[in-house]
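In: coordinates for the following, if possible.
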Amino acid sequence: MFFAAFAVVLAASCQREEFEDRTLSEVVGNRRILSVGVAENDPVSKVGFDETNAFYWHSGDKIGVQTSAGFKEMTLQEEYAGMASGVFEGTFDEDMMAYVVYPYGDSHAVNGETLTYVLPASYAYGSIEEEANSFNPPMLGRIDGDNASLNHLASFFKIYVSGIPAGGDDMEFVLTADKRITGVFTADLTDEYPVINTDDAEGNTVTITFANTEPAASGVFYVPAPLGTYGSITAEIKDGGTSLFTKTWENQTVSRKTPKRGNAVNEYVAEIDGTPYKTLQEAFDAVDGQTIVLVADVTQNVPVVLASGKTAVFDMNGKTVTGIATSASASRLVEVKSGADLLIKNGTLDFAATTPDTEWGGEGQAPYPGYANNTISNSGTLTIENAVLENRTSKGGASYVIDNYAGAKLTVNDGSVITQSGGDIAIRMFNAGSGAIDVTVNGGTITGNRAVWIQLASTNTAVAPIMNLTVTGGTLNSSDQTYYLSVYSYSYGNDMKNVKIDVSGGTFNGDIALTGGANKTNIETAVITGGTISDIYSYGDYTKAAETIKIYGGTFYYDPTDYLADGHAVVDNGDGSYTVVVQPV
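Out: The predicted structure follows:
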C-alpha cells in the first residue's frame, strides 16, 4: 500500500481573524514575544492538523528566531495550543533579526543568503497517541516586527502503525530511506520558497524511541522528509534491538505542499512478552511458562495444541476463539496434552461440530455429527478463570465442553461460564483406569444435559479408575427436563470403589445420581458438608449406598435422611427444602 498524499488548506482570512484586535504584551527586560502564523500565499503550511485537516499548533512547540548570537529558542504560549496562529515567547538579550525556523534547533544557522538546517537522527516520544507529538515539518519564515509567517522548507511522513506488540521502555520506530533524511541541509534564501532537498549522502535512518505496554497498540510517528523522490521507505518496530515488524513503501515523491502519510498494519493474533505470533499454534509452540495474550478474535479450523511439558497462561484479553469441526480429525478446539499445564482466562471459546452428511440421525431427528467432539480435550492440568466456554454441537452425538481423560486435572474458578448448549455434557470425566482424574469446581456456572458426567469407560470389572469430583462453590445446572441430573456417575463395567465426590458448597440445579451402568458391586464415596442440592441418590444397593454416601450439611429439595451422617439431623424448612444440621444434644 502506497502513501496517500494530503494537503491542508486554510483560508488566509482565518489566519488574520485570530489576531484581529490583538495587541502583544509589552516586552519587559530580555523577554521576547512573537506571533507566528501561516503565510497568506502558502496556506498549507502547518505544524499539526485535526481530522478535518485544520491547522493547529501543539502544546510545547518551539521555534528558533535568528539573532546576532544564532537561533534562540521561543516556546508557544499554552493558550494558543490547538490554534492555527500562536504567540511564542523566549528570554534572551539579543534582538530578533530576519528569520524564524520551526522547529527550534541550536544547529540551524544563517550565513549570508544560505540557511543551514539540521534534521535530527533521533526523537523521543512520551506517548504514541496521534495528538501527542508535533509534526515537526521543517519551516521557515521572515520576521516583520512582532509577527512572522511560515512556509514549508520540506515535508514529513506521518505513519500510523497498528498492532504494535507490548514491550518495554526501549522500543523503537525506525524509518529507513534509500535517500538521506538526516544531517545538515542547505536552502537558498534568495528563492521565493526556499527548500531543502534529499541526496545520496549518508544519513538514511531516523529512530524514534517510545514505550508501550499494551498488546496490539496503535501509534502515530512523524518523520521530517527533505524533498525528492525516494525509491523505498521502510518502517520498522523494534523492542530492545529485536525487530518485531517491518513494512516498505516504494517510489514515494515528497514535494513541499504534499506531505505523505501511510498505514502499517501488523497482523497477528497473539503476543508473548511483546513478541507477536501470526497464529495461535505458533504462540502455543513458543510459550515456556509465560502468558499468551490474545489480541484479535480468531477462527480456528484445526485444533490448538499445548504440548506435553509446556506451561502457559492463555489470557484471551476479552477476545473470542471460534472453532468449527467438519470431521473427526478437527473435533476439538483446544487440546491440553498429558504433562502440560494451561490456565485459560478472560475471554470466550466457542466451538461446534457440523455434520458431514445425513447418515446420523433418526426419523424425525435432525442429522448430527457421527463423531465425538470437544471444545477442550484435557489430558494435563487445566484451569478456567473468568472465561466463557461453549459447545454448540447439535443434540444427538457425543459432544462436550471439556473432556477430561486419564491423568487430567481440571479447576473451574469464579467468573467462568461453561455451557453445552447443543444438548450434551458440559464436563466429562472419562477414565478407563490408567490414571486419576481430578475435577474441582470453585465457582462459575456449568450447564449441560449433565453438568458433570463421571464415566468409567472400560468393561473390565477388575479395574477401579480413580475419579475425584470436588465442589466448593459455583452453580451446576442440568438442562435435561426428563432425568434432571447435574452430576451423573456411570460405569460400563469398571468398579466404582475409587470414585469420590466431595461437596462443601455450590448450587446443584439437578440431582447427583450415582452408580449408573453395568457394575454396581461397589458404590461411590460421597461426602456432603454444604451446598444446595436438588437430591442425591444411588442406583446401586441401598445398604451399600447408605455406608458410602454421608451428608453432614447442606440444603436439599428431597428429604436426605437416608444418607445422614451419624450425629446429624434433618430440619424441614416448610418450603419444600430440608437442611442438614448437627444433631442437637
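
In: strands along the stretch 351-500 of the chain, start to end?
Out: Taking DSSP state E, counting those that start in this stretch as the criterion, the stretch 351-500 of the chain contains strands spanning 373-378, 381-385, 388-391, 399-404, 409-412, 417-420, 425-431, 437-441, 445-448, 450-456, 467-471, 475-478, 485-491, 499-503.

In: any chance of JSON lines for those strands, columns mean neighbour count, mean pLDDT and distance to residue 290?
Out: No exception for glycine: its C-beta is placed from N, CA and C like everyone else's. What follows is those, written out as JSON lines (neighbours: other C-beta atoms under 10 Å; pLDDT from 0 to 100; distance: least, C-beta to C-beta, whole Å):
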{"stretch": "strand 373-378", "mean neighbour count": "27", "mean pLDDT": "96", "distance to residue 290": "20"}
{"stretch": "strand 381-385", "mean neighbour count": "22", "mean pLDDT": "98", "distance to residue 290": "16"}
{"stretch": "strand 388-391", "mean neighbour count": "24", "mean pLDDT": "97", "distance to residue 290": "22"}
{"stretch": "strand 399-404", "mean neighbour count": "29", "mean pLDDT": "97", "distance to residue 290": "23"}
{"stretch": "strand 409-412", "mean neighbour count": "22", "mean pLDDT": "98", "distance to residue 290": "20"}
{"stretch": "strand 417-420", "mean neighbour count": "24", "mean pLDDT": "97", "distance to residue 290": "25"}
{"stretch": "strand 425-431", "mean neighbour count": "27", "mean pLDDT": "98", "distance to residue 290": "27"}
{"stretch": "strand 437-441", "mean neighbour count": "22", "mean pLDDT": "98", "distance to residue 290": "25"}
{"stretch": "strand 445-448", "mean neighbour count": "25", "mean pLDDT": "98", "distance to residue 290": "29"}
{"stretch": "strand 450-456", "mean neighbour count": "28", "mean pLDDT": "98", "distance to residue 290": "31"}
{"stretch": "strand 467-471", "mean neighbour count": "23", "mean pLDDT": "98", "distance to residue 290": "29"}
{"stretch": "strand 475-478", "mean neighbour count": "24", "mean pLDDT": "98", "distance to residue 290": "33"}
{"stretch": "strand 485-491", "mean neighbour count": "25", "mean pLDDT": "98", "distance to residue 290": "36"}
{"stretch": "strand 499-503", "mean neighbour count": "22", "mean pLDDT": "98", "distance to residue 290": "33"}
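
In: can you lay out the ones you listed as CSV showing distance to residue 243?
Out: Putting those into CSV (distance: least, C-beta to C-beta, whole Å) gives the following:
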stretch, distance to residue 243
strand 373-378, 35
strand 381-385, 34
strand 388-391, 36
strand 399-404, 39
strand 409-412, 39
strand 417-420, 40
strand 425-431, 44
strand 437-441, 44
strand 445-448, 45
strand 450-456, 48
strand 467-471, 48
strand 475-478, 49
strand 485-491, 53
strand 499-503, 53
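
In: which stretch among those comes nearest residue 150?
Out: Ranking those by distance to residue 150, with C-beta to C-beta as the measure, places strand 388-391 first at 55.7 Å.

In: what helix or strand is residue 137 on?
Out: For residue 137, there is no host helix or strand (DSSP states H and E).

In: may I have the phi/psi pair for it?
Out: Taking degrees, to the nearest 10, you get phi -70, psi 140 for the backbone angles of residue 137.

In: grab the nearest non-local neighbour of it.
Out: residue 156 (4.4 Å; C-beta to C-beta, 6 or more residues apart in numbering).

In: can you pull the phi and psi angles for the one you found?
Out: Dihedral pair for residue 156: phi -160, psi 160, per degrees, to the nearest 10.

In: enumerate every residue touching it.
Out: Residue 156 makes contact with 135-137, 222-225, 259-260, according to C-beta atoms under 8 Å, 6 or more residues apart in numbering.

In: isn't residue 167 right up against residue 210?
Out: No. Between residue 167 and residue 210 there is no contact under C-beta atoms under 8 Å: 9.2 Å.

In: returning to that earlier point: show me what the residue nearest to residue 137 is bridged to.
Out: Under the criterion DSSP bridges, residue 156 forms beta bridges with residue 224.

In: per-residue pLDDT, it?
Out: We have a pLDDT of 87 for residue 156.

In: any idea of the mean pLDDT in the one helix or strand residue 238 maps to?
Out: Assigned by DSSP H and E, residue 238 falls within strand 228-239. Taken as a whole, strand 228-239 carries a mean pLDDT of 96.

In: report how many residues lie close to residue 100.
Out: Using other C-beta atoms under 10 Å, the number of residues around residue 100 comes to 25.

In: which strand residues bridge it?
Out: Counting by DSSP bridges, residue 100 forms beta bridges with residue 65, residue 141.

In: ditto for residue 450
Out: residue 425.

In: cool, and residue 254?
Out: Bridge pairing for residue 254 - DSSP bridges - gives residue 228.

In: do you know how far residue 439 is from residue 381?
Out: 12 Å (C-beta to C-beta, to the nearest Å).

In: between the two, what contacts are shared?
Out: Common neighbours of residue 439 and residue 381 (C-beta under 8 Å, 6+ apart) are residue 409.
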